[in-house]
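**Student:** This is the structure alone, sequence omitted:
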């Protein structure tokens, strides 16, 4: 359970003044008044790692956070991919990120001693056994130290905290925390897990976290479902023995689709080397409903405040699926109508010809499957069963891409 934290916000002035004066080296440190702290956070996700650098400045009881950069090489594979070679996790996954950070700091005349390095892993590492996880993190720590930095936190965060950090991020960027207006709830669907967080008065619920921000106490319901990320759910669907599942005439892939026939096709799921499609909306939705039922989402996600909360769908899964239809900024309710209209009758060749302008082939290949899953998870009676106007999908807030890492900095830098 989190202790109460106090956060207020004003415009960031110190970073710019230090930059103009050429005195950035004098602006590092903790979160005392007028001092800017520099925090690097590596989001070690299930399919790759990205580094963010933030400056945070305290002014009285107020604080501001600015994203200085983010960087994600395309060839990174995620810390959990080093389970069979833990000693290579630091050199191969983290060192490329630190090299970029080194160059940025040198250009800004910042010292390595001014920057705290946090490597925080999410769903992918939650399934790694403790001994292997420890070896991976030791390799990561070794790379941080050998690069001249002092490591801060190097660990796996819980799904509940990931949901909390995402909630803090979007409500900071939206200005709800600063203005003390009603916060948004979040629905975040990643590759391996899904998180839901919103304000609730159900203080006895074990998924409640209490925290005070800008003088306002919040009780936040936050829950995570490891295995209900888009990729994990698709793998479970393919592995299903029920009608429409399996590798031959899979009901969630378009008719005449054949894995491997298109250059650059990603594997539909780990270990799958062949798959053919024969899309059927009813069968596909039923398959995904069975996957979701194993997590009792309808019985665990709905606490007091759920039915009246305004939710934002964050992360790339929902917005990416909508964008692949050519319908960016549309409500997620469009997913069900799109799959029933265009997946039910189209062959793979026609589908690709129709929507190839909106997404790369590698993303369109699972488009019908992913869209059916997302619609079923968000609106199905066995899942979240959200109201038609209860959820909006966003790609950014005022030009800033949402990420739980900013929420982590917000909570960790300005707590009392």
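**Tutor:** Received, thanks. This one's a predicted model, so the numbers in the text were calculated from it and none came from an experiment.

**Student:** Excluding chain neighbours, give the residue nearest to residue 161 in space.
**Tutor:** residue 222 (7.6 Å; Cβ to Cβ, 6 or more residues apart in numbering). For every residue, glycine as well, the C-beta is placed using N, CA and C.

**Student:** List the residues that contact the one you found.
**Tutor:** 160, 161, 163, 164, 167, 195, 196, 197, 207, 208, 209 (Cβ atoms under 8 Å, 6 or more residues apart in numbering).

**Student:** Kindly indicate which of those lies nearest residue 293.
**Tutor:** Residue 293 has its nearest neighbour among those in residue 196, at 16.7 Å by Cβ to Cβ.

**Student:** What's the first helix or strand after the helix or strand harbouring that closest one?
**Tutor:** Secondary structure from DSSP states H and E places residue 196 in strand 193-199. Later in the chain than strand 193-199, the nearest helix or strand by DSSP H and E is strand 208-213.

**Student:** who are the neighbours of that following strand, in terms of helices and strands?
**Tutor:** Contacts defined by 3 or more Cβ pairs under 8 Å, 6 or more residues apart in numbering; DSSP states H and E place strand 208-213 against helix 159-173, strand 216-226.

**Student:** Mean confidence (pLDDT) on that strand, please.
**Tutor:** On average, the pLDDT along strand 208-213 is 92.

**Student:** can you put the contacts of residue 222 in CSV and add distance to residue 305 and neighbour count?
**Tutor:** Compiled in CSV, these are given as follows (distance: Cβ to Cβ, whole Å; neighbours: other Cβ atoms under 10 Å):
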residue, distance to residue 305, neighbour count
160, 17, 19
161, 20, 21
163, 15, 29
164, 15, 27
167, 13, 31
195, 16, 30
196, 12, 27
197, 11, 30
207, 12, 18
208, 10, 21
209, 14, 17
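
**Student:** so the residue nearest to residue 161 bridges to which residues?
**Tutor:** residue 197 (DSSP bridges).

**Student:** try the one 4 residues further on
**Tutor:** For residue 226, the beta-bridge partners are residue 193 (DSSP bridges).

**Student:** doesn't residue 124 make contact with it?
**Tutor:** No. Contact criterion Cβ atoms under 8 Å: residue 226 and residue 124 do not qualify, at 9.8 Å.

**Student:** what touches both of the two?
**Tutor:** Shared contacts of residue 226 and residue 124 (Cβ under 8 Å, 6+ apart): residue 192.

**Student:** So for those two, which sits in the more crowded spot?
**Tutor:** Remark: of residue 226 and residue 124, residue 124 carries more neighbours, 26 against 18, as counted by other Cβ atoms under 10 Å.

**Student:** Thank you, goodbye.
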